[in-house]
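1. model this:
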Amino acid sequence: MGTTTGTAGDLPRATSPIRNLSGYQAIVEHLRREISLGRLMPGDRLPPERRYAEELGVARETLRQALRVLEGSGHIEIRRGSRGGAVIRPLPTDPRVQLSALVQRSDFFRELLEFRQVVETAAASKAARRRSTEDLERMVRAQEALLASRTKEESRKADTEFHLAVAGAAGNEVLRKSIEDARAQMFLPVDLLKFEFVKATSYSAHAHVLDAIREQQADQAGQAMAEHLATTREELDRVLASQPPD
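-> Here you go, the predicted structure:
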């Protein structure tokens, strides 16, 4: 389980910027996305209701509606008392039902990984041409966080930070958002397949991508990213093939 980041009620620093949201369903989708990307992890606490509603630019009742939906779906727990508030929780699932549904959608996940391979290869190449010192520092910090990670959730968060740092360095917001969208769709469902995150393999693959971007070698950066995601796709294929039939 992740630990609460910072002081009670502070969102983790990696959480994406709050965008203009309207309606409780938009807040629900925003928070589900942050959980899917690993930016919010089990044990993380959301800010106090009044402050969070102001940050989101919504009425407190709208926020309360969203939190009730997320509590009902098992994404958060509402704790009472002086140290209460909304806390991210691990999702309870019936593995038999979930695995059956996921295996039936295996073609979608393979296509999603193929899409990631195409767009993230392009992003890595562009990042090598356009990266700034700040972009490189962000990638290095993500690598340090990955190396220090102790749980699958921490590894996933650091992995996301690295890939989105590369996407950001490409200097194309549409490309960056498409990569974030693909990752958000990918990881919570795939976790149910017992798809283990191999930290050492990812760290090594990221290092090759980072070295090429640092040296502004666009072709090598794209190739390194393509190889990294091809390995991920092969691993997913093996896991999907190993699932028991209904």
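2. Next, the residue nearest to the spatial centre of the chain: phi, psi?
-> With distances taken as Cα atoms, centre = their mean, Leu37 lies nearest the centre of the chain, 1.6 Å away. Note on Leu37: backbone dihedrals following degrees, to the nearest 10 are phi -80, psi -10.
3. Might you calculate how far whichever strand or helix holds Glu114 sits from the centre of the chain?
-> Element membership for Glu114, per DSSP states H and E: helix 106-130. Counting by Cα atoms, centre = their mean, to the nearest Å, helix 106-130 is centred 15 Å from the centre of its parent chain.
4. mean confidence for that helix?
-> Across helix 106-130, pLDDT averages out at 92.
5. Who are the packing partners of that helix?
-> helix 152-169, helix 173-191, helix 199-214, helix 218-242 (3 or more Cβ pairs under 8 Å, 6 or more residues apart in numbering; DSSP states H and E). Just so you know, the C-beta spots here come from the backbone N, C-alpha and C atoms, and that holds for glycine as well.
6. before we move on, the earlier item: excluding chain neighbours, what is closest to the residue nearest to the centre of the chain?
-> Nearest in space to Leu37, with sequence neighbours left out and distances taken as Cβ to Cβ, 6 or more residues apart in numbering, is Thr160 at 5.0 Å.
7. ok, how many other residues are close to the one you found?
-> By the criterion of other Cβ atoms under 10 Å, Thr160 has 21 neighbours.
8. For the protein, which helix or strand comes out least confident on mean pLDDT?
-> Across the helices and strands of the chain, mean confidence by mean pLDDT, DSSP states H and E is lowest for helix 95-104: a mean of 63.
9. Let me see the domain layout of this protein.
-> 24-88, 95-242 (automatic domain parsing).
10. rewinding a little: I figured the residue nearest to the centre of the chain was touching Glu180, is that so?
-> Yes. Counting by Cβ atoms under 8 Å, Glu180 is a contact partner of Leu37 at 7.0 Å.
11. one step back: lowest-confidence stretch among the helices and strands packed on helix 106-130?
-> Here the helices and strands packed on helix 106-130 differ in mean pLDDT, and the lowest is helix 173-191 at a mean of 81.
12. by how many degrees do it and helix 106-130 diverge?
-> Angle of helix 173-191 versus helix 106-130, following axes from the mean of the first three to the mean of the last three Cα atoms, to 10 degrees, is 140 degrees.
13. helices or strands next to helix 173-191 in the packing?
-> helix 24-36, helix 95-104, helix 106-130, helix 152-169.
14. now for those helices, which one comes closest to Ala207?
-> Among the helices and strands packed on helix 173-191, the nearest to Ala207 by Cβ to Cβ is helix 152-169 (10.2 Å).
15. next one: the closest one to chain centre, how far?
-> 7 Å.
16. Quick one: list the elements packing against that helix.
-> If contacts are counted by 3+ Cβ pairs under 8 Å, 6+ apart, helix 152-169 sits against helix 106-130, helix 133-148, helix 173-191, helix 199-214.
17. Generate a markdown table for those, with distance to Gly74 and mean neighbour count as supplementary columns.
-> Formatted as a markdown table, the helices and strands packed on helix 152-169 follow (distance: least, Cβ to Cβ, whole Å; neighbours: other Cβ atoms under 10 Å):
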| stretch | distance to Gly74 | mean neighbour count |
| --- | --- | --- |
| helix 106-130 | 22 | 19 |
| helix 133-148 | 27 | 16 |
| helix 173-191 | 12 | 17 |
| helix 199-214 | 27 | 18 |
